[in-house]
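# Here is a sequence with its predicted model. Questions after.
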Amino acid sequence: MKAAVAVVLLLLVASDASAQQTPIYGADGKATGRLTTDSGGATTIYGANGRVTGRTSTNSQRTTTIYDAAGRKAGTVVPGRTK
């Protein structure tokens, strides 16, 4: 039983650690924020102050929905559309 609990805890820690982080830089080369992408492909955008400024999620048809910091839908990106 202890081994099973240890494996579950290890998986939980590993999934958090597997999130990809990408810095965002301005034209002047200074860091202006970062992106964090989880294992499910959802991306959270953080400003330089560390606060969430937006989120994105992509469905199985590769359509990406963009949300603002309050969680409101701000836009959609559909593959193949150029408008």
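That came in fine, so what should we check first? Numbers count the residues shown, from 1 in each chain.
# After the helix or strand of the chain with the lowest mean pLDDT, heading C-terminal, what element do we hit next?
In the chain, no helix or strand scores lower on mean pLDDT, DSSP states H and E than helix 2-17, which sits at a mean of 40. Going down the chain from helix 2-17, the next helix or strand is strand 20-25, by DSSP states H and E.
# Centre of the chain to that following strand, how far?
Taking CA atoms, centre = their mean, to the nearest Å, one finds strand 20-25 lying 10 Å from the centre of the chain it belongs to.
# So that it lines up with my notes, have the first residue be 50 from now on.
OK, 50 is where the count begins now, so the last one is strand 69-74.
# residue closest to the middle of this protein?
Geometric centre of the chain, nearest residue: Thr92, 1.7 Å, by CA atoms, centre = their mean.
# List the contacts of it.
84-86, 104-106 (CB atoms under 8 Å, 6 or more residues apart in numbering). Quick note: C-beta positions are derived from backbone N, CA and C, even for glycine.
# Show me those that map onto strands.
With DSSP state E as the criterion, strands contain 84-86, 104-106 from among these.
# I'd like those as a markdown table, with pLDDT, distance to Thr114 and neighbour count appended.
Listed next are the ones in strands among the contacts of Thr92 as a markdown table, based on pLDDT from 0 to 100; distance: CB to CB, whole Å; neighbours: other CB atoms under 10 Å:
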| residue | pLDDT | distance to Thr114 | neighbour count |
| --- | --- | --- | --- |
| Leu84 | 94 | 16 | 15 |
| Thr85 | 95 | 17 | 15 |
| Thr86 | 93 | 15 | 15 |
| Arg104 | 94 | 9 | 17 |
| Thr105 | 93 | 7 | 18 |
| Ser106 | 92 | 5 | 14 |
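# export those residues to a markdown table and tack on distance to Thr113?
What follows is the ones in strands among the contacts of Thr92, written out as a markdown table (distance: CB to CB, whole Å):
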| residue | distance to Thr113 |
| --- | --- |
| Leu84 | 13 |
| Thr85 | 16 |
| Thr86 | 12 |
| Arg104 | 11 |
| Thr105 | 5 |
| Ser106 | 7 |
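# What pLDDT is listed against Val127?
Note for Val127: predicted pLDDT of 90.
# what's the answer for Asn108, then?
Here the pLDDT value assigned to Asn108 is 88.
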